[in-house]
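J.: Compute the structure for the input listed below.
(one chain, ligands or ions: 1)
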Amino acid sequence: MINQKFNGPKDAKNFLKKIRIKKKVINNCEDYILSKLGKDIYENFYKNYTIKQWGIHPKFLDKSIVGRLPIRFNRDPYYVNQKIKVMPKHGYTKLFFNMINNPRINVNLKTSYEKIKNKVKPKIATIYTGPPDLFFKFKYGKLDWRSLKFKFKTLRKKKIQECVQINFPNEQKYTRKVEIKHVTKQKSKYSTLSYEFPKSKGDPYYPINNKKNRDRFDKYKKLIKKAEKNNIFFEGRLATYRYLNMDEVIEKALILFDKLKRRY
Ligand SMILES: Cc1cc2nc3c(=O)[nH]c(=O)nc-3n(C[C@H](O)[C@H](O)[C@H](O)COP(=O)(O)OP(=O)(O)OC[C@H]3O[C@@H](n4cnc5c(N)ncnc54)[C@H](O)[C@@H]3O)c2cc1C
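T.: Purely as a prediction, here's the structure:
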């Protein structure tokens, strides 16, 4: 659409320069998008999408939430800007299967940490990957999360839509339609679309980065620091209450592993 309207990237950049609203201080998501893309694009593409996704007006959300989304002027179809983009050769299921397929690794499914914590004596350390408020018995109150309901539709078609993800900023209850086959590149006569419906209840997916939760998490952070002295380390997306992609979580896990290896 942008390409139809503009005569190449330079033209689009110049147009944005004209329509962007200069802001001295960027306090929230709304400020951020207005300052980068102006009122029209904000109103048509970002505002309602953000309200649907988070259940909160962009004025009350931290700028980092939209700051993560790349704004590009080329035909790069990928979502992230990283130079190297890879998928596990035999898929994620096989990757994790191989990782835990070791007699020294014991996996207990459907077992909450709270239930077994007194029975397990860690030789070196505990790495906790659950929500911090739960760990500390909600001492400072509950941290809010956004969740999703997925609806899947499988069709006898090699590809259903032209790209991996289409966003819906309008009246639809879902925010996006994702056809992951564009990324995983399986060879099949079928393909599956997932429709994502944001909701507040359910599995914790996205930390809600607003002032209330930031203040609350800051208090939990102090307890987390103390827990580290007892060799309990909080790692990953839930435990650090941050939206992290897989590569970031894996990097942080390896750094923690090295730190523990050096120490013990
Ligand atoms: C809808 C969605 C789409 C995403 N898409 C992408 C993407 O395209 N690319 C990308 O890089 N990242 C994506 N991510 C992010 C990615 O899923 C996370 O970065 C990654 O899963 C984080 O790993 P983690 O180990 O920190 O947390 P998790 O994968 O959430 O693992 C935490 C584990 O701890 C367990 N646990 C939690 N609490 C307890 C408890 N009390 N007792 C026992 N066990 C507990 C959970 O069951 C879970 O198994 C997406 C996330 C979501 C929600």
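J.: who's Thr126 bridged to?
T.: Ile232 (DSSP bridges).
J.: same thing with Pro198?
T.: Here Pro198, judged by DSSP bridges, has bridge partners Leu148.
J.: What's the separation between it and the ligand?
T.: 10 Å (CB to the nearest ligand atom, to the nearest Å). Every C-beta, even on glycine, is put in place using the N, C-alpha and C of the backbone.
J.: For that residue, give its distance to Thr175.
T.: Distance of Pro198 to Thr175, given as CB to CB, to the nearest Å: 6 Å.
J.: repeat for Leu238
T.: Taken as CB to CB, the span from Leu238 to Thr175 is 21 Å.
J.: how far away is Asp144 from the ligand?
T.: Distance, Asp144 to the ligand, by CB to the nearest ligand atom: 15 Å.
J.: any idea of the pLDDT on Lys115?
T.: With respect to pLDDT, Lys115 scores 92.
J.: start the count at 30, not 1, going forward
T.: Yes, from this point I'll number from 30; that puts the last item at Lys144.
J.: On the three-state scheme, it is what?
T.: Here Lys144 is recorded as helix under DSSP: H, G, I helix; E, B strand; the rest coil.
J.: and it, how many residues sit next to it?
T.: 9 (other CB atoms under 10 Å).
J.: How about Arg175, nearest residue that isn't a chain neighbour?
T.: Tyr235 (4.3 Å; CB to CB, 6 or more residues apart in numbering).
J.: And the one you found, how far from the ligand?
T.: 6 Å.
J.: same question, Ile156
T.: 10 Å.
J.: residues contacting that residue?
T.: Residues counted as contacts of Ile156 (CB atoms under 8 Å, 6 or more residues apart in numbering) are 262, 264, 285.
J.: any idea how far Gln194 is from the residue lying closest to the first one once chain neighbours are set aside?
T.: Excluding its sequence neighbours, the residue lying closest to Phe262 (CB to CB, 6+ apart) is Ile156, at 5.0 Å. As defined by CB to CB, Ile156 lies at a distance of 32 Å from Gln194.
J.: rewinding a little: okay, now the residue nearest to Arg175: neighbour count?
T.: 16.
J.: what touches both of Pro227 and Thr204?
T.: 81-82.
J.: burial of the nearest residue to Leu267 once chain neighbours are set aside, as a residue count?
T.: Spatial nearest neighbour of Leu267, excluding adjacent residues (CB to CB, 6+ apart): Pro160 at 5.0 Å. Using other CB under 10 Å, Pro160 has 20 other residues around it.
J.: Run through the residues that contact Pro160.
T.: Pro160 touches 172, 174, 233, 267-268, 270, counting by CB under 8 Å, 6+ apart.
J.: Asn43 belongs to a helix?
T.: Yes - the assignment for Asn43 is a helix, going by three-state DSSP.
J.: Next one: it from Ile261, what distance?
T.: 54 Å.
J.: list the contacts for Thr158?
T.: Counting by CB under 8 Å, 6+ apart, Thr158 has contacts 264-265, 267-268.
J.: And those residues, which two are furthest apart?
T.: Greatest spacing in those, by CB to CB: Glu264 and Leu267 (9.4 Å).
J.: Between these two, tell me which one has more neighbours.
T.: Between Glu264 and Leu267, counted using other CB under 10 Å, Leu267 has the larger neighbour count: 22 against 16.
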